[in-house]
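Engineer: kindly generate the corresponding structure for this input.
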Amino acid sequence: MAKILPFKAVRPTRDKVGLVASRSYQSYSKAELKARLEYNPFSFLHVVNPGYKYNKNIRGKERFILVKNRYLEFKEATIFIQDKTPCYYIYKIVNRDGNTFSGIIAAASTEDYKNDVIKKHEDTIEYRENIFKDYLKTVGFNAEPVLLTYPDNDVIKYAISEVQKYRAEYEFTTHLRDTHYLWPVDDIQLIEKIKQAFYTIDTIYIADGHHRSASSNLLSEELKLENKQHTGKEAYNFFMSYLIPESELKIHEFNRLVKDLNGLTKKAFLIQLDAVFRIEKRGTELYQPTKKHHFSMYIDGHFYSLFLRKTYHQFHTALDALDTQILHKTVLGPILGITDVRNNTRISYSHGKNDLVNIKSKVDSGEFTVGFGLVPITIDELKAIADNHLTMPPKSTFIEPKLRSGVTIYEF
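Structural biologist: Numbering: from 1, shown residues only. Predicted coordinates for the structure are as follows:
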């Protein structure tokens with residue numbers, strides 16, 4: 001039974017939201033980041049990159065304090081205002097490919113996270129959890145929702161569609177041609193319907209934001225110990241999330257690129273692959289795999305199809321049957337010598353609508369020797385991994401939608 005609650009968001013005024021909203025700052029190139037900071041004084045990037053004001057690269061606790069200061073300056077300048085009553089926030093994104101995502105921004109419970117009502121499918125790194133926990137504790141807010149997905153629910157679907165009949169409070173389009181809409185929901189009866197509908201849902205899954213969820217949980221535990229009057233209703237017992245139905249989640253593949261053949265010749269490499277896969281040469285035309293346990297490979301100017309041999313179709317767990325795990329266990333580790341797929345510098349990952357072109361280009365340039373294409377992981381595979389308390393290999397999924405920072409902010 002999921003506890004998904006409304007909250008009083010801090011958010012930009014309607015006239016400035018398109019200027020404030022930003023992608024995650026790690027996704028900008030140095031040149032792009034510099035341009036945004038130089039020419040857009042309202043960008044949320046000024047809050048999370050406070051060193052720009054002093055022309056200085058600032059890290060650690062000093063940066064966290066300055067982030068809080070910049071945030072307070074935005075509030076004092078009324079770039080940000082806070083809603084007076086708790087709301088749910090219906091949020092819709094229509095991306096440049098014509099995909100539509102409609103969900104609800106709300107506060108999810110850290111207790112649900114601890115009790116496995118909110119389930120994860122990825123491992124987190126402890127030091128990253130603690131860094132972000134310390135960041136949250138210092139700045140006192142979170143500006144980027146965790147992406148959660150839930151089984152399609154008729155009551156929630158109806159509520160979202162009814163709200164969207166009215167004019168959106170926000171409507172803005174990014175330079176990537178994605179259009180964003182937001183409707184605050186402050187009607188008490190509708191809020192109660194949405195709250196009760198989520199309460200009937202037994203399990204919700206993290207789609208994107210595992211470290212943010214884990215860090216919020218750590219913060220909750222720490223502040224709980226520090227607060228002698230702890231009741232469980234404090235804002236720190238929740239974290240901001242964007243919840244969308246499973247049917248609208250888009251999962252894309254993460255492909256693999258490897259810099260060398262681990263000392264093998266191309267012929268020796270193909271011979272070792274032949275023990276595990278049925279190999280067919282496909283020529284110079286782009287070749288995309290079409291079903292599970294089927295991979296494409298690009299090497300030395302040609303594409304190949306790799307079909308996992310039937311003798312290897314002996315899967316004991318949901319993880320064993322995952323294509324990213326199969327590639328790791330049959331090729332990357334035993335043949336190419338890449339056992340630590342998270343930290344080994346010989347491997348890289350890529351995704352995108354035209355990613356095979358990118359793979360071909362990088363191999364042809366000599367930057368990499370071989371590239372592997374995969375089919376996307378399904379929502380059922382993701383859920384099976386989470387339900388069985390397993391974790392996927394790194395970079396197994398690229399999930400949409402990708403949200404903008406600074407549109408709704410959760411204070412604790």
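Engineer: phi and psi next, for residue 216.
Structural biologist: Backbone torsions for residue 216, taken as degrees, to the nearest 10, come to phi -60, psi -40.
Engineer: same question, residue 322
Structural biologist: Given degrees, to the nearest 10, the pair of backbone angles that residue 322 has is phi -80, psi 130.
Engineer: also the one 5 residues further on?
Structural biologist: Backbone geometry at residue 327, expressed as degrees, to the nearest 10, gives phi -60, psi -40.
Engineer: so how far is residue 293 from it?
Structural biologist: 10 Å (Cβ to Cβ, to the nearest Å). (C-beta placed from N, C-alpha, C; glycine too.)
Engineer: ditto for residue 277
Structural biologist: 9 Å.
Engineer: the stretch 101-250 of the chain: helices as residue ranges?
Structural biologist: Ranges of helices in the stretch 101-250 of the chain, per DSSP state H, counting those that start in this stretch, are 110-114, 126-139, 154-163, 188-199, 210-226.
Engineer: ditto for the stretch 251-400 of the chain
Structural biologist: Under DSSP H, counting those that start in this stretch, the stretch 251-400 of the chain gives helices at 266-274, 323-327, 355-364, 379-387.
Engineer: take these and write them to JSON lines, including distance to residue 335.
Structural biologist: Output for the helices of the stretch 251-400 of the chain, formatted as JSON lines (distance: least, Cβ to Cβ, whole Å):
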{"stretch": "helix 266-274", "distance to residue 335": "5"}
{"stretch": "helix 323-327", "distance to residue 335": "10"}
{"stretch": "helix 355-364", "distance to residue 335": "17"}
{"stretch": "helix 379-387", "distance to residue 335": "24"}
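Engineer: so for residue 96, which of those sits nearest?
Structural biologist: helix 355-364 (16.4 Å; Cβ to Cβ).
Engineer: could I get the buried residue list for the closest one?
Structural biologist: Neighbour-count burial for helix 355-364, counted by 16 or more other Cβ atoms under 10 Å, picks out 355, 356, 359, 360, 362, 363.
Engineer: got it, and stretch 208-228?
Structural biologist: Judged by neighbour count using 16+ other Cβ under 10 Å, the buried positions of stretch 208-228 are 208-220, 223.
Engineer: go through the helices of the stretch 101-250 of the chain and name the closest to residue 59.
Structural biologist: helix 126-139 (10.4 Å).
Engineer: so which elements touch the closest one?
Structural biologist: If contacts are counted by 3 or more Cβ pairs under 8 Å, 6 or more residues apart in numbering; DSSP states H and E, helix 126-139 sits against helix 60-76, helix 210-226.
Engineer: could you give the mean pLDDT of that helix?
Structural biologist: The predicted model assigns helix 126-139 a mean pLDDT of 95.
Engineer: for stretch 165-184, same thing?
Structural biologist: Computed over stretch 165-184, the average pLDDT equals 96.
Engineer: could you tell me the end-to-end distance of that stretch?
Structural biologist: Using Cα to Cα, to the nearest Å, one end of stretch 165-184 lies 13 Å from the other.
Engineer: list the buried ones in it?
Structural biologist: 168, 170, 172, 174, 178, 180, 181, 182, 183, 184.
Engineer: so which of the residues you listed comes closest to residue 148?
Structural biologist: Nearest member of these to residue 148, counting by Cβ to Cβ, is residue 182, at 17.4 Å.
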